[in-house]
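[1] model this:
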Amino acid sequence: MPPQTSFTFALNPGQQKALFDHLRQGNYRPVPMDHTRIAVDTENCRIALYKSGKCLIQGKGAADFVTFFLEPLILRKAELGYEDLLAPDAAAAHMGIDESGKGDFFGPLVVVAAYVDPPLVARMREMDVKDSKRITSDRKALSLGRDLRRLLGRRFSTVKIGPEAYNRLYHRMRNVNSILAWAHARAIENLLEAVPDCPRAVSDQFGSKQQVERALLKNGRRITLEQRHRAESDIAVAAASVIARDLFLRALIDLGKTYDHEFPKGASAAVRDAAAELVRRRGPGTLLKTAKTHFKTADAVLQAAGSDRAALGPAGQATSRIRKPR
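    Just a heads-up that it's a prediction; the model follows:
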């Protein structure tokens, strides 16, 4: 595996000052770079400290600079080179599964399975792949998700359950975890067609592992299924979460074009206002095509629009036992 030659770190103000002072006083060659507080060259790498607080180290000597200077003296923690020692399975061949849209009133539920092996893990670390919940910019999620899909090619699979199909499934299953178990199992099965020798699958602990195992077909039952709390620390799960968020956001954009309407994320007051306006413009039945109607949000929206659940028909009658979606 080729050594990693590019690293990015977000530094707090104290770390920025310490690095700035060192680079200014040390034996480095200053180089002009836009938007940086300071940028310097060594014999085999470049270090750039941006005004945003981001530090970028690039070059064949980048790993040594991070390991022997940045981590012990600036970051005050040791991570580079220790990931695989502390978690030897982290870079081994496996798949991660995660979803997006579960807590969003509008849009689909998107479940993604993503495969990794040592070369892919090395590339994803260079790309700074992390759980989508830690990516605060939709633009960044869309960009990184696109790049990951290009990197993986056929080595990821997607199960996208649009609002109409989701509402029918919920009407039949009456449980979000049952829908998730079914979708996770399908994503695993689909990905195994591209990587049939993948030995294990990692996902977050959202319910009974047996639910997923029962939903797996013949091929999937040969794989070892691991459910963990905070599974997003696994890079395959993190990659799946980013791709899932990317595809969810693109689905919201497509809904907006179809209905000439804004579809906000989440289940906030802004979402309720947008949904009520949509119902007033298009009628209550539009919720079945655009939203997850078991959310309690649907009751508030219908009431605000002067309607009720009876207008949604059977698929809109089921309501969640959880008042606030997670």
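
[2] neighbours of Arg155, how many?
    Neighbourhood size, Arg155 [other Cβ atoms under 10 Å]: 19. No exception for glycine: its C-beta is placed from N, CA and C like everyone else's.

[3] then the one 10 residues further on?
    Applying other Cβ under 10 Å, we find 13 other residues in the vicinity of Ala165.

[4] equivalent analysis for Gln58, please.
    For Gln58, the neighbour count with other Cβ under 10 Å is 16.

[5] cool, and Arg280?
    15.

[6] same check, this time on Gly153
    Per other Cβ under 10 Å, the neighbour tally for Gly153 reads 9.

[7] confidence score at it?
    pLDDT, Gly153: 97.

[8] separation between Arg149 and Ala113?
    Distance, Arg149 to Ala113, by Cβ to Cβ, to the nearest Å: 13 Å.

[9] and what of Tyr50?
    35 Å.

[10] neighbour count for these two, which is higher?
    A count of neighbours by other Cβ under 10 Å puts Ala113 above the other of Tyr50 and Ala113, at 35 against 19.

[11] in a strand, that one, correct?
    Yes - counting by DSSP: H, G, I helix; E, B strand; the rest coil, Ala113 is part of a strand.

[12] any idea how far it is from Gly101?
    16 Å.

[13] how many neighbours does Arg222 have?
    Neighbour number of Arg222 under other Cβ under 10 Å is 12.

[14] how about Phe68?
    Per other Cβ under 10 Å, the neighbour tally for Phe68 reads 11.

[15] tell me the phi and psi of it?
    Main-chain torsions, Phe68, degrees, to the nearest 10: phi -100, psi -10.

[16] how far away is it from Thr8?
    18 Å.

[17] domains in this structure, by residue range?
    Domain ranges of the chain: 6-81, 94-253, 255-316, per automatic domain parsing.

[18] count of neighbours near the nearest residue to Tyr28 once chain neighbours are set aside?
    Ranked by Cβ to Cβ, 6 or more residues apart in numbering and with sequence neighbours excluded, the top spatial neighbour of Tyr28 is Val40, at 3.6 Å. Neighbour count of Val40, defined by other Cβ under 10 Å: 20.

[19] Val40 belongs to a helix?
    No - the assignment for Val40, made by three-state DSSP, is strand rather than a helix.

[20] mind listing what Met127 touches?
    Going by Cβ atoms under 8 Å, 6 or more residues apart in numbering, Met127 touches Leu144, Asp147, Leu148, Leu151.

[21] switch the cut-off to 10 Å
    With contact taken as Cβ atoms under 10 Å, 6 or more residues apart in numbering, Met127 is in contact with Ser6, Thr8, Leu144, Asp147, Leu148, Leu151, Ala239, Val242.

[22] for burial, what's the neighbour tally of Glu226?
    17.

[23] the residue nearest to it when sequence neighbours are not counted: what secondary structure?
    Leaving aside its chain neighbours, Glu226 sits nearest to Val202 (4.8 Å; criterion: Cβ to Cβ, 6+ apart). Of the three states, Val202 takes strand under three-state DSSP.

[24] isn't Val202 right up against Tyr115?
    No - under the criterion of Cβ atoms under 10 Å, Val202 is not in contact with Tyr115, lying 11.2 Å apart.

[25] so what sits against both of these two?
    Joint contacts of Val202 and Tyr115 (Cβ under 10 Å, 6+ apart) are His94, Met95, Gly96, Ala236, Ala240.

[26] closest to Asp138 out of those residues?
    Among those, Ala240 lies closest to Asp138 (Cβ to Cβ), at 17.9 Å.

[27] the closest one: neighbour count?
    37.

[28] list the residues that contact it.
    Applying Cβ under 10 Å, 6+ apart to Ala240 gives the contacts 95-100, 110-116, 131-132, 148, 152, 156-158, 187, 191, 202-203, 231-232, 234.

[29] go again with 7 Å.
    Residues counted as contacts of Ala240 (Cβ atoms under 7 Å, 6 or more residues apart in numbering) are Gly96, Ile97, Asp98, Val112, Ala113, Ala114.
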